[in-house]
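1. Take this sequence and fold it.
(chains A and B)
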Amino acid sequence: MDFAFSASECAFAEEVRNFLAVNPVERFPLEGMDAGYGSGAHSRAFMRALADRGWISMCWPERFGGHAKPMFFKLVLFEELALAGAPFGPLAGSWQTADAIIEYGTERLRGEVLPAVARGEATFWQGYSEPDAGSDLLALKTEARRDGDHYVIRGHKIWSSHAGIATHGLVFCRTSREARRSQGFTMFVVPNGTPGMDIRPITSLTGGVYHYEVFLDDVRVPADLMLGPEGQGFQALLNGLDSDRFWGRFYKAPALERVLRRLVEYANTTRVDGAPLARDPVIRRRLAAMATEIAALRVLFYRAACLLRDGAPITYETAVAKVYADETGQKLARLGMDMLGPWAPLRAGSPGARLDGEISHAYLTSLGHTIAGGTAEVLRTTVATRGLGLPAESKRS
Amino acid sequence: MDVRPSPAQQLLVSTAREFLRKRAEDPAPWRAMAELGWPGLLIPPDLGGSGGSVLDVVLLVEELGRAGTPGPFVPSAVVATSLLLRAGTLDQRKRLLPAMAAGERIVTVALLDDGGTFDLDRLSLAVDPKGRLSGRKLLVEAADVADDVLVVVRAGTDVAIFLLPRDRPGIARVPLDTIAVEKVFELRLDAVAVAADDRLAGGRDTVVAALEAGALARTAEMVGAAQRVLELAVEHAKTRVQGGRPIGGYQAIQHACADLVRDVDAARGLLHRAAWKLEEGAPATVDVAMAKAYAGEACLAVARRGHQIFGAIGYCDEHPLHRLHKRIFAASLDCGDVALHLETVARAIGLL
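-> Next up, the predicted model:
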């Protein structure tokens, strides 16, 4: 049993901290909203800065321009960036897409898109959900029809994060009608700006834009922008789910730790009836309990990381970790709102806003976390059926 | 990093599990456990022990908790052993530890008094000017089977530890009636004479370290018991049929079981991290406090949710669930409750 990072991982963490000291995160211009997951806002400049250090592609095989670093280097990078509150929003998606391209991408994807990912230029939106296909993804209606050496996509995607500012969509389509409901799906990498693609922002309850809906009206895509096996897209998606859940939430624990530190500082410097808020026994106990939960969350992710690294079987571990990450984040935001009292609802930039309005934003964004990427309900069912072997609830006829 | 038990540690776990399964009906498995070297795990070989590690103890106590094995393992083989190892005089160590390792001698610890807390600053009992102890110690486990008791008392601003044989004149054991599984006693001390050579060499630091080991062991006991509740609940959900299908086919039960997994896994994660840190010789006070506080809430939640999953059958005396539940409750209180450990965490995260 060993809970420590290795010497080379610690050295890399030091390198990242030095980079952040020289390049304060506040200096990078942002173009997309921080959705509260822990990876910060969307910043092309920050992605390019990471690319300049070679960090986006560091774990790729050398023949794809990487340095074949161990997977744990990505954990280290995520932890340091999240603890600093850096704007690395698109990074997890870039890594996941790059891994898929390395695994089964066409020559064109490997030759054109992969180097753009490494340069921090290519970022991706997910075209999975549709108005009538949320938790039930197989209900999707978007179709891709073969036409010579192209596919023609027609459909309507929704809840696609950062679609308006990313460079490519990962559009999940039906390519054939099959007897089995889960067969006949295919993924395409569709460049933004392709004729027929109409990307419209959805203003969220925060007042900002994170999601978009995308109308695809006979969008012609070259066949070699297909990602993964034709017709087997759903299986590929399922196979990648554990890894997606992991990488989409790993940074949550260190990000929550950063917020907790701010709340501790706030409790120490805010006086209520002449005494520091930190001496309020209820607040004190809730903060200590949150620190404990965040530590527990981190260990759950470390365990999942060891399984992923070793290719060990995963049945429920990442599903449990994702739900716990999201619910712990909601709990911390709730505690923060309680601590800020009457000032809690004030937004960033408002006169009187406490902690830069970060808490009210986190409170709102965290509401979506137990829905996006698999609702807490779907995931608990996954834990119970796939992890514990409980029988699936019988389907509607 | 590899947070999973090593192959050797897995072997320890499977051996212990198999042994405890076979001995499930044995009311006093202590002697048999001694043959496997368990009571002497923390004791070095030159004192007759098996020279195991903190991690070994944690993994073993998880299994004891899972099996619901009765006995004085935590008070004697963990807390008392830690006190004697750290602060026993040469004579005390040579006289007691080999016999303890052999399972021939049991030593318990009496610490809680009228203040009702493991906060050492709030101990009230002290030696009077005539060198006698008068008063009481509360909730002493294993007092009926212990050959000796280590009494922790206030000594000015420090604390003192006295090793007293069970038959020292003036000591009386009053059994308490508790919902907990293990018997507990009030130790009444009526002008009990204590001599200089009854006293251990250490004070507060010794007791703090021994309580840390005890807190870790109690955490392991909770995690093991909660693991068992999870296993039983899942088995029940698969086999109990209502409305034409196993209740585990209903999402209400599925989601409850999913929460049990989270609670058990997260509690075990903090437990193993704290044990690993102690073993590495790194300061682990905060890690132990986090692990104990977390398990105190999470494992109790597992037991309580377990009752809901089991329905009426879990309300019966013959069903194992309530014993596991009561064991978790008692373990959450021993060696510092949730509130005490969260206060340690509160200070560690920098709260004024």
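2. mind checking how far B:Lys277 is from B:Ala217?
-> With distances taken as CB to CB, to the nearest Å, B:Lys277 is found 15 Å from B:Ala217. In this view, the C-beta of every residue, glycine as well, is placed from N, C-alpha and C.
3. Which residues does the helix or strand of chain B with the lowest mean pLDDT contact?
-> Sorting the helices and strands of chain B by mean pLDDT, DSSP states H and E puts helix B:30-35 at the bottom, at a mean of 89. By CB atoms under 8 Å, 6 or more residues apart in numbering or on different chains, the residues outside helix B:30-35 that reach it are B:19, B:23, B:26, B:39-40, B:71-73, B:101-104, B:106.
4. what do you get if the cut-off is 6 Å, keeping everything else the same?
-> B:Gly71, B:Ala102, B:Gly103 (CB atoms under 6 Å, 6 or more residues apart in numbering or on different chains).
5. got it, and stretch B:206-214?
-> Contacts of stretch B:206-214 (CB under 6 Å, 6+ apart): B:Val78, B:Val79, B:Ser82, B:Leu83, B:Arg86, B:Ala87, B:Val152, B:Val159, B:Val288, B:Cys335.
6. Between B:Lys277 and B:Ala217, tell me which one has more neighbours.
-> B:Ala217 (32 against 20; other CB atoms under 10 Å in any protein chain shown).
7. Return the distance of the helix or strand harbouring that one from the chain's centre.
-> Per DSSP states H and E, B:Ala217 falls inside helix B:204-239. A distance of 8 Å separates the centroid of the chain from that of helix B:204-239, by CA atoms, centre = their mean, to the nearest Å.
8. Neighbouring strands of the helix or strand following that helix in the sheet, and parallel or not?
-> The helix or strand immediately downstream of helix B:204-239 is strand B:241-242, counting by DSSP H and E. Its sheet considered, strand B:241-242 pairs with strand B:245-246 (antiparallel) by DSSP bridges.
9. pLDDT on the partner strand, on average?
-> Averaged across strand B:245-246, pLDDT comes to 95.
10. So which residues make contact with that strand?
-> Counting by CB under 6 Å, 6+ apart, A:Pro391, B:Lys238 sit against strand B:245-246.
11. Next SSE downstream of that strand?
-> Next helix or strand after strand B:245-246 toward the C-terminus (DSSP H and E): helix B:251-279.
12. Next, report how far that following helix is displaced from the centre of its chain.
-> 18 Å.
13. Quick check: next helix or strand after that helix?
-> Heading C-terminal from helix B:251-279 (DSSP H and E), you reach helix B:285-310.
14. So which bits of that next one are buried?
-> For helix B:285-310, the neighbour count (16 or more other CB atoms under 10 Å in any protein chain shown) marks B:285-303, B:305-307, B:309-310 as buried.
15. before we move on, back to that, among the contacts of stretch B:206-214, which one lies nearest to B:Val174?
-> B:Val152 (19.0 Å; CB to CB).
16. What residues are bridge-paired with the closest one?
-> Applying DSSP bridges, one finds that B:Val152 bridges with B:Ile161.
17. give the contact list for it.
-> B:Val152 neighbours (CB under 6 Å, 6+ apart): B:Leu111, B:Val159, B:Ile161, B:Val207.
18. Give me the buried entries from the residues you listed.
-> So, by 16+ other CB under 10 Å, the buried ones in the contacts of B:Val152 are B:Leu111, B:Val159, B:Ile161, B:Val207.
19. Turn the residues you listed into CSV, including distance to A:Glu31.
-> Putting those into CSV (distance: CB to CB, whole Å) gives the following:
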residue, distance to A:Glu31
B:Leu111, 61
B:Val159, 61
B:Ile161, 65
B:Val207, 58
